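Undergrad: Mind looking at a prediction? Sequence and model below.
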Amino acid sequence: MNVVAVDIGGTHARFALAEVANGRVVALGVPVTLKTAEYASLQTAWQAFGAQVGALPRAAAIAVASPVGGELIKLTNNPWIIRPALVRERLEVDDFVLINDFGAVGHAVAQLAPEHFDHLCGPNVRLPENGSLTVCGPGTGLGVAIVHRFAQGYHVIETEGGHQDFAPLDALEDTMLKRLRKTYTRVSAERICAGPGIIAIYETLAEIEGRAVPRLDDKAIWSMALEGSDSLALAALDRFCLSLGAVAGDLALAQGAKGVVIAGGLGLRLKDHFARSGFAERFAAKGRFRSLMEDIPVKLITHPQPGLFGAAAAFAQEHAQ
């Protein structure tokens, strides 16, 4: 059957037509990206997408950057409000699935072919077909999910693993933690290993070197780092990758993972930096469990629209049962 896949974030809502069969995604159409600020609601954006592509199928797979329980879904950094009880009426659909955006990424990991994953570290083998996979993705926050694969299929478990405590591993990270504690009593991994975390890293490095730097937002620092136009920003990028490697390793240990996937738009932008940043060393540096960690394949998901693909995959799985 055909379904409209939707991936709603704070700034953009992405739409695509998808074909699903036998619990899997058969095809994903060309995505259409709309700015959420230009539309009053999901309904009006849905109608705008329909005006571009023609008659829409009466099925929707919707991923949202928010928890999806309860009678009302309020999105972060987005004024839209979604009432699940009204989705069928407002979107004129017969069937729909609502899923957290990172839960959707978990479904994408479970269903995408091997060519959509790049090797980062550990054994250069395919992700295992049985057992648990840890999926973590740095973006505005740090998303974390578990994909448990077994002979009959798979199950996605959405988690809040990005909010585990941040554990510093050297003097510089001790300083980062001390700086953040002035603002947050409890410092989670997300405060360092998500997009906005680059600010704390950058300002800590400046403080250590006695540099006076202007107050910059995370977008500006990331731009300087990825362009290589500022040495301090580049050092902050390297430290970000180190910290992310350590956190990904902690998650894998806690979840009993047989494989790890790094996801998120920021993860993909860091593709060329992981290998030379020390990410792999930090991932494996778990004391007595180093040899176990070195046997875990770590991949980067490279599909351009894992949220859309995963939303469609979640719909396919639910309606195959």
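TA: Here it is on my side, so go on.
Undergrad: from here on, contacts and neighbour counts on C-alpha atoms
TA: Noted.
Undergrad: Please, where are all the strands along the stretch 51-200 of the chain?
TA: Taking DSSP state E, counting those that start in this stretch as the test, the strands found in the stretch 51-200 of the chain are 59-64, 73-74, 81-82, 95-100, 117-121, 131-138, 142-150, 153-159.
Undergrad: any idea how far residue 157 is from the residue nearest to residue 217 when sequence neighbours are not counted?
TA: In this structure, residue 217 finds its nearest non-sequential neighbour in residue 199, 6.9 Å apart by Cα to Cα, 6 or more residues apart in numbering. For residue 199, the distance to residue 157 equals 30 Å [Cα to Cα, to the nearest Å].
Undergrad: returning to what we had before: for residue 213, find the nearest of the strands of the stretch 51-200 of the chain.
TA: Closest of the strands of the stretch 51-200 of the chain to residue 213 is strand 131-138, at 25.0 Å (criterion: Cα to Cα).
Undergrad: That closest one pairs with which strands, and in what direction?
TA: strand 142-150 (antiparallel), strand 257-262 (parallel) (DSSP bridges).
Undergrad: Which of those strands has the lowest mean pLDDT?
TA: Of all these, the minimum mean pLDDT falls on strand 142-150 (a mean of 94).
Undergrad: what residues are up against residue 124?
TA: residue 297 (Cα atoms under 8 Å, 6 or more residues apart in numbering).
Undergrad: Next up, phi/psi of it, please.
TA: phi -90, psi 70 (degrees, to the nearest 10).
Undergrad: ditto for residue 19
TA: Backbone torsions of residue 19, given as degrees, to the nearest 10, read phi -110, psi 130.
Undergrad: And the residue nearest to residue 217, how far from residue 277?
TA: 18 Å.
Undergrad: Residue 171 too?
TA: 18 Å.
Undergrad: Which one's more surrounded, the two?
TA: When residue 171 and residue 277 are compared for neighbours, residue 277 comes out ahead with 18 against 9, by other Cα atoms under 10 Å.
Undergrad: Could you point out the longest helix of this protein?
TA: For the chain, the helix that runs over the most residues, judged by DSSP state H, is helix 231-255.
Undergrad: could you say what helices and strands it packs with?
TA: Applying 3 or more Cα pairs under 8 Å, 6 or more residues apart in numbering; DSSP states H and E, one finds that helix 231-255 contacts strand 131-138, helix 197-209, helix 218-227, strand 257-262, helix 279-284.
Undergrad: switch the cut-off to 10 Å
TA: strand 131-138, strand 142-150, helix 171-181, helix 197-209, helix 218-227, strand 257-262, helix 279-284, helix 290-294 (3 or more Cα pairs under 10 Å, 6 or more residues apart in numbering; DSSP states H and E).
Undergrad: Report the buried residues of the fifth one.
TA: Buried residues in helix 218-227, counted by 16 or more other Cα atoms under 10 Å: 218, 221-222, 224-226.
Undergrad: Is it possible to get CSV of these that adds pLDDT and distance to residue 78?
TA: Output for the buried residues of helix 218-227, formatted as CSV (pLDDT from 0 to 100; distance: Cα to Cα, whole Å):
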residue, pLDDT, distance to residue 78
218, 95, 19
221, 97, 24
222, 97, 23
224, 96, 27
225, 96, 28
226, 95, 27
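Undergrad: picking that back up, count the residues that sit near the residue nearest to residue 217.
TA: Burial measure for residue 199: 22 neighbouring residues, criterion other Cα under 10 Å.
Undergrad: Residue 309 too?
TA: The local packing of residue 309 (other Cα under 10 Å) involves 32 other residues.
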